[in-house]
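Student: everything below, folded, please.
(one chain, ligands or ions: 1)
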Amino acid sequence: MALTDLLDITLAVPDPAELEAFWNRRGMATTAPGQLGTADRASQIRLIEGDYRHVDAVRVACSSQDDLVAIAGRLAAIGLSPEQGDGWLSIVDPVLSHTVRIEVATAAPLTPAPARSRNAPGILDRPDRRSEVAVRSTAPSPRRFGHVVFGSPDPKRTVDFYVDGLGFRVSDTLPEAGATFLRCSKDHHNLLVLPAPVACMNHYAVEMDDVDAVGLAGTDTVGERPDASIYGIGRHVVGSNIFWYLLDPAGGMFELFTDMDQITDDDRWDAEERRDDWDPFTIATYESGISKMDFFLPVDIDAIAAGRERAGL
Ligand SMILES: [Fe+2]
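Tutor: As a prediction, the model looks like this:
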């Protein structure tokens, strides 16, 4: 696959210092001005000031300069002209208006999640000891930025841009919901496109070590802001990931996730697993209930629409 990884996302918010401090408290370090990183990857979330909440850019890795040439050719075929330099290509999303920058780059490998002893029926793996999770006093840190979900007023054109133009692959679709799960790495999805009246971000997602890490980090967030929880903990059907959706202080929804499907053989996935007939209400195989309608559409959608209008978008 020409595309190999989702590198980072740039979020524009009115108060980037507030959002930076929020993620610092969740264990993401400031690795450069306006840049948040995880232990293995220095740049995961970049923050800039904007007068309304939106995604400014996403950065994607590809394997070679030849990949960039091929992508530029495909973009030209759909009438788009990217900026290009040595080892990179940049194009403005024609519907959603953020920049997509593709670079010849390799995402740093992730340090494996620590193994933990677990008792289970028929398995005595932790005799005479309490689980470290039960007595843990600090919440675990995110391991990496994993995906972003966009609402688009023209989902078909958006999907065509990412698939036909940039080379993302389709993992699954919910046709009646107009939802398309796209990947640029082994993750089941790095991008999900949903219909929306205005171009907007639905959520961004960071990967955690395991379900306990999701639970501990989510609980830590709710401890700081009791109304932050939107949906979770649960397990999605499409992508299989365990999730907890919460609100950040800028009003953006983020997801703590773990155990997402990984696709290493595109042909095998397409033949054996990919489905394009999911019911529109296929969301979770188990879950704790959606507490706010923010899950479907940001509550500040009018402010986002006004911001786009001010920006001439
Ligand atoms: Fe998600």
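Student: first to last residue in stretch 268-277, what's the distance?
Tutor: Stretch 268-277 has an end-to-end distance of 18 Å (criterion: CA to CA, to the nearest Å).
Student: so which residues of the stretch 151-300 of the chain form strands?
Tutor: 169-174, 179-183, 191-195, 200-207, 229-236, 242-247, 253-258, 284-286 (DSSP state E, counting those that start in this stretch).
Student: and the ones you listed as JSON lines, adding distance to Ser90, mean pLDDT and mean neighbour count?
Tutor: Bear in mind the C-beta positions are built from the backbone N, C-alpha and C, glycine included. Below are the strands of the stretch 151-300 of the chain laid out as JSON lines (distance: least, CB to CB, whole Å; pLDDT from 0 to 100; neighbours: other CB atoms under 10 Å):
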{"stretch": "strand 169-174", "distance to Ser90": "21", "mean pLDDT": "98", "mean neighbour count": "21"}
{"stretch": "strand 179-183", "distance to Ser90": "19", "mean pLDDT": "98", "mean neighbour count": "24"}
{"stretch": "strand 191-195", "distance to Ser90": "17", "mean pLDDT": "98", "mean neighbour count": "22"}
{"stretch": "strand 200-207", "distance to Ser90": "19", "mean pLDDT": "98", "mean neighbour count": "24"}
{"stretch": "strand 229-236", "distance to Ser90": "32", "mean pLDDT": "96", "mean neighbour count": "20"}
{"stretch": "strand 242-247", "distance to Ser90": "30", "mean pLDDT": "98", "mean neighbour count": "23"}
{"stretch": "strand 253-258", "distance to Ser90": "25", "mean pLDDT": "98", "mean neighbour count": "25"}
{"stretch": "strand 284-286", "distance to Ser90": "36", "mean pLDDT": "93", "mean neighbour count": "13"}
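Student: so which of those gets nearest Thr264?
Tutor: Counting by CB to CB, Thr264 lies closest to strand 179-183 out of the strands of the stretch 151-300 of the chain; the figure is 11.4 Å.
Student: so the residue of the chain positioned farthest from its centre, which state does it fall into?
Tutor: Farthest-out residue of the chain from its mean C-alpha position, per CA atoms, centre = their mean: Asp128, at 39.4 Å. Classification of Asp128 by DSSP: H, G, I helix; E, B strand; the rest coil places it in coil.
Student: how much space between it and Asn119?
Tutor: Noted for Asp128: a distance of 11 Å to Asn119, by CB to CB, to the nearest Å.
Student: and the helix or strand of the chain with the lowest mean pLDDT, what does it pack onto?
Tutor: Here the helix or strand of the chain ranked lowest by mean pLDDT, DSSP states H and E is strand 284-286, holding a mean of 93. Using 3 or more CB pairs under 8 Å, 6 or more residues apart in numbering; DSSP states H and E, the elements in contact with strand 284-286 are strand 229-236.
Student: do the strand it packs on and the ion meet?
Tutor: No - counting by CB under 5 Å from the ion, the ion has no neighbours in strand 229-236; the shortest distance is 7.6 Å.
Student: that strand versus strand 242-247: what angle between them?
Tutor: For strand 229-236 against strand 242-247, the angle by axes from the mean of the first three to the mean of the last three CA atoms, to 10 degrees is 160 degrees.
Student: how about the residues of the protein near the ion?
Tutor: Counting by CB under 5 Å from the ion, the chain sits next to the ion at 205, 255.
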